[in-house]
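S.K.: Sequence isn't available, so here's the structure alone:
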Ligand SMILES: NC(=O)C1=CN([C@@H]2O[C@H](COP(=O)(O)OP(=O)(O)OC[C@H]3O[C@@H](n4cnc5c(N)ncnc54)[C@H](O)[C@@H]3O)[C@@H](O)[C@H]2O)C=CC1
Ligand SMILES: O=C(CO)COP(=O)(O)O
């Protein structure tokens, strides 16, 4: 896996910038496409004050707002815009991106209107480009600062996943590989819903014991939903699943956890940073209903966000469910 490799990152937010830096530090030529000139100029200067305030980074990312220039003769495209924008971003690549160039999906979510996983959207729109996903416990600020981080790169083609993981890994980013694309995608998408729930428990002052119970039972739901999608249990016990739950269900650095905290404290929820779990909770609850899956926490988060129930009512509902064996 040696030789010159060009990586294109689509998205100039926190995670796009951090991954571009990680790719640069792994020795690749890196282009970053952002839709606004302000971000392009800032990233070229070595900063991204809007999304990574206070972090100065090395020069070397070739930032541009010209999509064709960004994808020309590239070896790999990392798609790092929010999950609900993936369809429009990939549609913009149609007829422009060379076939066979892998698409590495780095957002964490499920399409709100269709319930589709991001790799399904990619395969629908760009069937000639193999889809992969990168996920795991990784705050953009940590990665941008060069702190040690481990993630998983998944593709249905095991050899592709392994090749990408080797390419992407560097001294501070360690990439494991997996052929369980569905499991890796679901782990990343659903942990955001549980992070909102954990944040709400914290914000509402319900105690550390309740928070631990919530995350543990959330993990059970993740495994149930995962099984319905054909995800492997061991994948969900890995970095994109348990690992990301541990990170984002316990840290105010997580935007989803912080969103939940604000919810629990009855703070204003307008104009907050991106919290992917908001969109994912509604569609995940719908999927659970349609497939008759036992997912009370997911459904409670969706109902709270819809304004259908309060946090107190959700807690009462969860605590008064029929008693049963833990393993059921
Ligand atoms: N920030 C983090 O620590 C991590 C984020 N992620 C995931 O990465 C994805 C992106 O998150 P962030 O970069 O953190 O969000 P962000 O809010 O920091 O940045 C989003 C970027 O996408 C751009 N964007 C939005 N809509 C667009 C469109 N239609 N076309 C082109 N560009 C568009 C925005 O201008 C902005 O530059 C999310 O799914 C998130 O869950 C995953 C791991 C870590
Ligand atoms: O996915 C993340 C870390 O792995 C980032 O979490 P937030 O989007 O909640 O900030």
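M.R.: Yep, that arrived. Given the structure is predicted, the values throughout are model-derived calculations rather than measurements. Ligands and ions are numbered 1, 2, ... in the order given.
S.K.: The spatially closest residue to residue 156 that is not a sequence neighbour: what's it in contact with?
M.R.: In this structure, residue 156 finds its nearest non-sequential neighbour in residue 181, 5.3 Å apart by C-beta to C-beta, 6 or more residues apart in numbering. Just so you know, the C-beta spots here come from the backbone N, C-alpha and C atoms, and that holds for glycine as well. Contacts here follow C-beta atoms under 8 Å, 6 or more residues apart in numbering; on that basis residue 181 touches 119, 131-133, 154-156.
S.K.: at 6 Å instead, please
M.R.: 119, 133, 154-156 (C-beta atoms under 6 Å, 6 or more residues apart in numbering).
S.K.: which two in these are spaced the farthest apart?
M.R.: 133 and 156 (10.3 Å; C-beta to C-beta).
S.K.: Between these two, which has more neighbouring residues?
M.R.: Between residue 133 and residue 156, counted using other C-beta atoms under 10 Å, the more crowded position is residue 133 (33 against 15).
S.K.: if you look at the helix or strand in which that one is found, does any of it touch ligand 2?
M.R.: Assessed by DSSP states H and E, residue 133 sits inside strand 131-135. No - Strand 131-135 does not reach ligand 2 (C-beta under 6 Å from any ligand atom); its nearest approach is 7.6 Å.
S.K.: Which neighbouring elements make contact with that strand?
M.R.: Here strand 131-135 touches strand 103-105, helix 118-125, strand 149-155, helix 181-203, going by 3 or more C-beta pairs under 6 Å, 6 or more residues apart in numbering; DSSP states H and E.
S.K.: on that earlier part again, let me know the distance separating the residue nearest to residue 156 from ligand 2.
M.R.: Here residue 181 is placed at a distance of 17 Å from ligand 2 (C-beta to the nearest ligand atom, to the nearest Å).
S.K.: Over to residue 319?
M.R.: On the measure of C-beta to the nearest ligand atom, residue 319 and ligand 2 end up 26 Å apart.
S.K.: And that residue, what's its pLDDT?
M.R.: Listed pLDDT for residue 319 reads 96.
S.K.: In contact with it, which residues?
M.R.: With C-beta under 6 Å, 6+ apart, residue 319 has no contacts at all.
S.K.: For ligand 1, what is the nearest residue in this structure?
M.R.: residue 13 (1.7 Å; C-beta to the nearest ligand atom).
S.K.: residues contacting that residue?
M.R.: residue 51.
S.K.: make it 10 Å
M.R.: 34, 39, 48, 50-52, 80-82, 140, 273-274 (C-beta atoms under 10 Å, 6 or more residues apart in numbering).
S.K.: cool, residue 243 as well?
M.R.: Taking C-beta under 10 Å, 6+ apart as the test, what residue 243 contacts is 135-138, 150-152, 187, 191, 236-237.
S.K.: got it, and residue 122?
M.R.: By C-beta under 10 Å, 6+ apart, the neighbours of residue 122 are 79, 86-87, 90, 93, 103-105, 116, 129-133.
S.K.: Neighbour-wise, which one of those leads?
M.R.: In those, the most neighbours by other C-beta under 10 Å go to residue 133, 33 neighbours.
S.K.: In the contacts of residue 243, which residue is surrounded by the most others?
M.R.: Result: residue 191 is most packed of the contacts of residue 243 (other C-beta under 10 Å), 34 neighbours.
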